[in-house]
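**Student:** any chance you can model this:
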Amino acid sequence: MAGEVEIAGRVAAVTGGARGIGAATVRALHRAGMRVAIGDLDGDLARDLAAQLGDGAVGLDLDVTRRASFTAFLDDAEAALGDLDVLVNNAGIMRLGRFVDEDDETARRMVDINVHGVLLGMKLALPRMIARDRGHVVNLASVAGRFGSPGGATYAATKHAVVGATEAVRGELRHEGSSVRLSYVLPYLVDTELGRGTTTRARTFRLMRPDEVADAVVDAIRRGRVDVWLPWHAGLLHRLATASPRPVMELVTRVLRADRVLEAPDAAARRAYDDRAAREG
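**Tutor:** Predicted coordinates:
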């Protein structure tokens with residue numbers, strides 16, 4: 001683990017920052033003394049949040065799937081707040097259902113936002129940070145990015161990709177002698193629009209609060225943590241599972257009901273979110 005850094009007075013940008021985990025992260029970073037750019041496809045909602053926070057916050061339009069939009073977001077953030085120190089790649093969507101019934105457009109939209117949006121954010125932010133030899137990118141993944149989750153196959157695949165890309169790019173920076181840091185956060189289901197309507201809970205787990213994830217993001221930035229599991233014992237279970245024979249691992253997964261978490265979602269409870277995700281991401 002790298003040494004702890006002081007973040008007060010520094011500049012952060014958060015994608016998908018107007019709702020859910022993103023909005024909670026914006027608030028946590030602002031409380032920690034950072035100046036924060038809030039990027040969201042709903043630019044008006046981002047500007048409303050910035051107005052609530054006051055000085056040191058700016059709300060901006062952002063479509064993470066478009067290079068021109070992402071570039072403009074980072075340029076405008078730096079023009080308003082100063083050189084970028086932190087990028088939190090939070091924007092993402094989760095559409096659930098049986099894999100063989102999933103339509104191609106749903107799959108493409110999840111990959112475009114959850115994978116290409118993160119890759120694009122790193123490609124655009126890292127050169128700015130590398131040139132100054134300081135900075136930190138935090139990518140929001142998921143526990144599903146380490147455990148395949150029936151009912152959310154494509155979502156799990158996108159989060160596997162986030163984990164793999166973060167580890168690979170982190171290795172490249174290390175080989176180059178760069179001081180720029182990378183982290184990824186792996187939360188269990190969170191009580192947001194994205195997480196609601198999932199009707200099964202794994203034993204020993206509970207629905208997390210957005211502020212818990214936000215506080216973990218701030219802690220990762222301060223302390224240079226690389227892989228952040230939420231709750232912490234999810235990481236322990238992952239290490240035990242990967243060290244065990246597959247039959248044992250699958251038995252433990254069934255006993256904990258961890259293989260049922262994303263199956264059979266409540267369609268009525270998720271309808272408003274699914275409609276918006278299909279429309280705008």
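
**Student:** how are the helices of the stretch 101-250 of the chain distributed by residue range?
**Tutor:** Counting by DSSP state H, counting those that start in this stretch, the segments of the stretch 101-250 of the chain that form helices are 104-110, 117-132, 153-175, 210-223, 232-242, 246-255.

**Student:** output the second one as PDB, nothing but the C-alphas.
**Tutor:** Presented in PDB, the C-alpha positions along helix 117-132 are these (Å, rounded to 0.1, in the frame of the first residue of the first chain):
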ATOM      1  CA  GLY A 117     -16.900   4.300 -20.500                       C
ATOM      2  CA  VAL A 118     -14.300   3.200 -17.900                       C
ATOM      3  CA  LEU A 119     -11.600   2.500 -20.600                       C
ATOM      4  CA  LEU A 120     -12.300   5.900 -22.200                       C
ATOM      5  CA  GLY A 121     -12.100   7.700 -18.800                       C
ATOM      6  CA  MET A 122      -8.700   6.100 -18.100                       C
ATOM      7  CA  LYS A 123      -7.400   6.900 -21.600                       C
ATOM      8  CA  LEU A 124      -8.400  10.600 -21.300                       C
ATOM      9  CA  ALA A 125      -7.500  11.200 -17.600                       C
ATOM     10  CA  LEU A 126      -4.300   9.200 -17.200                       C
ATOM     11  CA  PRO A 127      -2.200  11.300 -19.700                       C
ATOM     12  CA  ARG A 128      -3.000  14.400 -17.700                       C
ATOM     13  CA  MET A 129      -2.000  12.700 -14.500                       C
ATOM     14  CA  ILE A 130       1.100  11.000 -15.900                       C
ATOM     15  CA  ALA A 131       2.400  14.300 -17.200                       C
ATOM     16  CA  ARG A 132       2.300  15.600 -13.600                       C
END
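
**Student:** and the spatially closest residue to Ala161 that is not a sequence neighbour, how far is that from Ile93?
**Tutor:** Nearest residue to Ala161, sequence neighbours excluded (C-beta to C-beta, 6 or more residues apart in numbering): Val115, at 4.7 Å. (Each C-beta comes from the backbone N, C-alpha and C, glycine too.) Distance, Val115 to Ile93, using C-beta to C-beta, to the nearest Å: 11 Å.

**Student:** which of the two has more neighbours?
**Tutor:** Ile93 (23 against 18; other C-beta atoms under 10 Å).

**Student:** residues touching that one, list them.
**Tutor:** Ile93 makes contact with 109-110, 113-114, 194, 277, 281, according to C-beta atoms under 8 Å, 6 or more residues apart in numbering.

**Student:** could you measure from it over to Glu172?
**Tutor:** Counting by C-beta to C-beta, the gap from Ile93 to Glu172 is 28 Å.

**Student:** what's the closest of the helices of the stretch 101-250 of the chain to Glu4?
**Tutor:** Counting by C-beta to C-beta, Glu4 lies closest to helix 210-223 out of those; the figure is 5.4 Å.

**Student:** now do the closest one: distance to the chain's middle.
**Tutor:** Put simply, helix 210-223 sits 11 Å off its chain's centre (C-alpha atoms, centre = their mean, to the nearest Å).

**Student:** please consider this matter closed, and thank you.
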